[in-house]
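>>> Sequence and predicted structure, then a few things I'm wondering about:
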Amino acid sequence: MRRNRLPIALLLVCCVALHADAWNNRGRHRVADRKRLWQTNDSGPGQRTKHQWESPKFPNNRTQVARQKRLFSLFTLVKFDNGICGGSNGENGTCIAAAECAQRGGASSGVCANGYGVCCIVTMSCGSMTNDNNTYFVNPNYPSSYDGMNSCQITLVKSHPDVCQYRLDFPQFNIMGPETTNNVCTYDQFIVSGGNPVPTICGNNNGNHMYIDTGVGQTNPITLTFVTSGSSFPRAWKVRISQIRCSTIYRAEEGCLQYFTGVSGQIKSFNYDPTGGLQLSNQDYSICIRMERNFCGIQYMACIDDAQVMMPAGVAAVGQIMRSNAFTLTGNTQATQIASMTGVSCLTDWLAIPCATNSGRMSTAPLICVDRLCGGTFNAETQNLNSSPVISTVKPFRLIFHTDNIEAPGDVGNRGFCLNYVQQPCTTKLR
């Protein structure tokens, strides 16, 4: 009987051991599951999201995770790249956060970036320093005029080493003009220092502009200075300062004080005005026009001004002619109409247009062209009293304007020039 009980006891012991081992394994799995749960709860949002995606027990969590991603992207998409924006007052500004605008001392003018940013207008006056793009430099007490004696400066510092140029736009630029003997800016002056050579200018230059080359990298600051002489003249200026990076399409060709884009436009010398302006002395700078796609030539025409007067019979070869002040560079233009002059006759004040000829769809036969134009009539032929369109196919499209420091007694009353340009398509031979 005892022999029969022994196998049964051994069998019971084995069953109990197997059951205990299975129970222990189950317990170990539960502990491991709990550890994984604790690790999941203690991990960051990105890790927890990953576990939720991988877990087959929570299929509906994909919707919640997508909602979380949309919530995060709502804030990560609101970035400000300091891009240009149009303010509600019509001025250009920089799109930044409202708090940053206040920190820069700017004024909010409308919203941008879908309402998350403001168009920040930064306005500064004498003694300021700025590295902000689209800064306005104004006279003291602006928008009121200023009649004091002062040297008003602003210092420009690059916002990024990749900035290669500054563009100065003159929405408002009205200071005293030159003295009337040699047309030198002796009373008031606008001076640019620290970059490429820039001629000193004065007078009325509303709507004009300048480019200043600074070079690549951390270069010296640029200083803009308005020197005023008092004399109870109602001066006012507002200069918009834009920083241009080396890689942008807005960058001007190197060495161009003025740079124009588009198929057509208008170019004026500084202080040009058909009735009261005077050509400034000591000017020597390049004017560049970007050649647009599918255009191979450029045509220049003297502007139609409101100061045209009838010249008396006998001045011209035939009857009476209309006199225009849109191109008066040399000669005593106060006394009579001055004919066109070209080439070696232009030694003091001149406008250079490479290989210029009077316009018209030219034949392919060799033509004589000139590089300098002066006198009192815009024409590529010498001693002509009739203004004519002038064409050039030399690339890049570039003009050079030069004046010396003496006007009297030979050159009196010259206004400078105003030219309209139209680029010519490549479909027809221009030479």
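Okay, I see it. Numbers count the residues shown, from 1 in each chain.

>>> Tell me how many other residues crowd the closest residue to Gly127 other than its chain neighbours.
Nearest residue to Gly127 in three dimensions, chain neighbours excluded: Gln153, at 6.7 Å (CB to CB, 6 or more residues apart in numbering). (C-beta placed from N, C-alpha, C; glycine too.) By the criterion of other CB atoms under 10 Å, Gln153 has 18 neighbours.

>>> going on from the helix or strand where Gln153 lies, what's the next piece of helix or strand?
Secondary structure from DSSP states H and E places Gln153 in strand 149-156. Downstream of strand 149-156, the first helix or strand assigned by DSSP H and E is strand 163-174.

>>> which residues sit against that following strand?
By CB atoms under 8 Å, 6 or more residues apart in numbering, the residues outside strand 163-174 that reach it are 156, 190, 192, 195, 203-216, 222, 224, 234-246, 250-252.

>>> The residue nearest to Tyr259 when sequence neighbours are not counted: what secondary structure?
With CB to CB, 6+ apart as the criterion, Tyr259 has its nearest non-adjacent residue at 3.4 Å, and that residue is Ala252. Under DSSP: H, G, I helix; E, B strand; the rest coil, Ala252 falls in the coil class.

>>> residues contacting Ala252?
So Ala252 contacts 165, 167, 211, 244, 259, 288 (CB under 8 Å, 6+ apart).

>>> again, but for Gln383
By CB under 8 Å, 6+ apart, the neighbours of Gln383 are 339-341.

>>> Dump those residues into CSV; add secondary structure as well.
Formatted as CSV, the contacts of Gln383 follow (three-state DSSP):
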residue, secondary structure
Ala339, coil
Ser340, strand
Met341, strand
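
>>> Now that we have those residues, which of them are buried?
The neighbour-count test (16 or more other CB atoms under 10 Å) marks 339-341 as buried among the contacts of Gln383.

>>> Tell me the one of those residues nearest Cys101?
Using CB to CB, Ser340 comes nearest to Cys101 of the buried ones among the contacts of Gln383, at 53.6 Å.

>>> Wait, that closest one touches Asn379, no?
Yes - at 3.7 Å, Ser340 counts as touching Asn379 under the criterion of CB atoms under 8 Å.

>>> quick one: common contacting residues for these two?
In contact with both Ser340 and Asn379: Leu373, using CB under 8 Å, 6+ apart.

>>> in this structure, what spans have low per-residue confidence?
1-82, 306-323, 360-367, 428-431 (pLDDT under 70).

>>> Show me the chain divided up by domain.
Domain segmentation of the chain under the TED database yields 84-120, 125-249, 264-311+321-425.

>>> ok, back up a step: okay if I get the contacts of Ala252 as a markdown table plus neighbour count and distance to Ser281?
What follows is these, written out as a markdown table (neighbours: other CB atoms under 10 Å; distance: CB to CB, whole Å):
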| residue | neighbour count | distance to Ser281 |
| --- | --- | --- |
| Gln165 | 23 | 26 |
| Arg167 | 18 | 25 |
| Tyr211 | 26 | 22 |
| Ile244 | 22 | 29 |
| Tyr259 | 20 | 24 |
| Cys288 | 20 | 23 |
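
>>> Out of these, which two sit at the greatest distance?
The widest separation within the contacts of Ala252 (CB to CB) is 14.0 Å, between Ile244 and Cys288.

>>> which of the residues in stretch 165-182 are buried?
165-170, 172-178.

>>> go on, stretch 151-159?
152-156, 158.

>>> what's the closest of those to Asp273?
Of these, the one sitting nearest to Asp273 (CB to CB) turns out to be Cys152, at 23.8 Å.

>>> What residues does the spatially closest residue to that closest one that is not a sequence neighbour make contact with?
Closest residue to Cys152 apart from its sequence neighbours, by CB to CB, 6+ apart: Cys126 at 3.9 Å. Each residue near Cys126 by CB under 8 Å, 6+ apart is listed here: 140, 150, 152-154.
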